[in-house]
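Enquirer: need a 3D model of the following:
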Amino acid sequence: METSGVTPLCELAKKYGTDKCVPHNYTPIYYQYLAGRIENIRRVMEIGIAHGAKSLRMWEEFFPNAQIIGVDIDKRMQLNKGRVRSFVCDQTRDELRRLAEKEGNFDVIVEDGSHNHNHQIAAMKSLLPFLEPGGIYFCEDIWVDVQSIARNIPSGFTYRVYPSGRKYTDGKREHMMSVYRA
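Expert: So this is what the prediction gives:
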C-alpha cells in the first residue's frame, strides 16, 4: 500500500496545523483506509486532543456525517462545538472503557495520547471491543518494538505497521499501527 504523497486529508492537516501530515506522514495512510468511506463514517474517537483541538477539527471537516469525540486528560484541551464533543479522561483502561460504554461504538478510533506504550496497550484493550465491524483503530507514535503492542490484539482483528516520517537521532523511526476489525 503506497503511503506517501499529498492527499486531501494532508491538505486538511496543514489547514488546521496538525502534525499528522508533516512530520509524521500519517495522513496518506489514513486517506488510503478511509477515503472511500468518508460519507459512511458516523462515529470517530481521538485520544489526545492537544492545543487547539486541531485534529478534531480536521476530522470534523473530513467526515461530514460523523460525530467526533475527543478525549484528553487536560481539561484545557476540550472542544465542544459543531459535531465535536470532548471529554476529560485519563488514558487508563477503566476510564476509557466507561466512556466508550456510555458513548457507544466507533467506526474510527485514533490513539494519539501519551505515547507511552503501556498506555497505548491499555487504550487498545479498552477500546477494541467498541470498534464497529469493519472499523479501524489507529495507534500513532509507537516508539517501542511494535510487537510489544501487537501481541495484545485479540483474535478477530488484523493489523499493519507503518513507519512514520519522523526519525530520531539514534536512527530509530517511530511507527503507526492500524488494527482492523473484520
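Enquirer: how far away is Val22 from Ala100?
Expert: 31 Å (Cβ to Cβ, to the nearest Å). Any C-beta I mention is one placed from the backbone N, CA and C, and that applies to glycine too.
Enquirer: those two: who's more crowded?
Expert: Legend: neighbour count by other Cβ atoms under 10 Å for Val22 and Ala100, higher for Ala100 (22 against 15).
Enquirer: which residues are in contact with the more buried one?
Expert: Ala100 makes contact with 45, 106, 126-127, 129-130 under the criterion Cβ atoms under 8 Å, 6 or more residues apart in numbering.
Enquirer: ok, 7 Å please
Expert: Neighbouring residues of Ala100 by Cβ atoms under 7 Å, 6 or more residues apart in numbering: 126-127, 130.
Enquirer: for this structure, what are the low-confidence residue spans?
Expert: Filtered on pLDDT under 70, the chain yields the residue ranges 1-5, 93, 164-173.
Enquirer: so where do the strands sit in it?
Expert: 43-47, 67-72, 84-88, 106-111, 131-142, 157-167, 173-181 (DSSP state E).
Enquirer: from the contact counts, what lies against the fourth one?
Expert: Under the contact definition 3 or more Cβ pairs under 7 Å, 6 or more residues apart in numbering; DSSP states H and E, strand 106-111 sits against strand 43-47, helix 117-127, strand 131-142.
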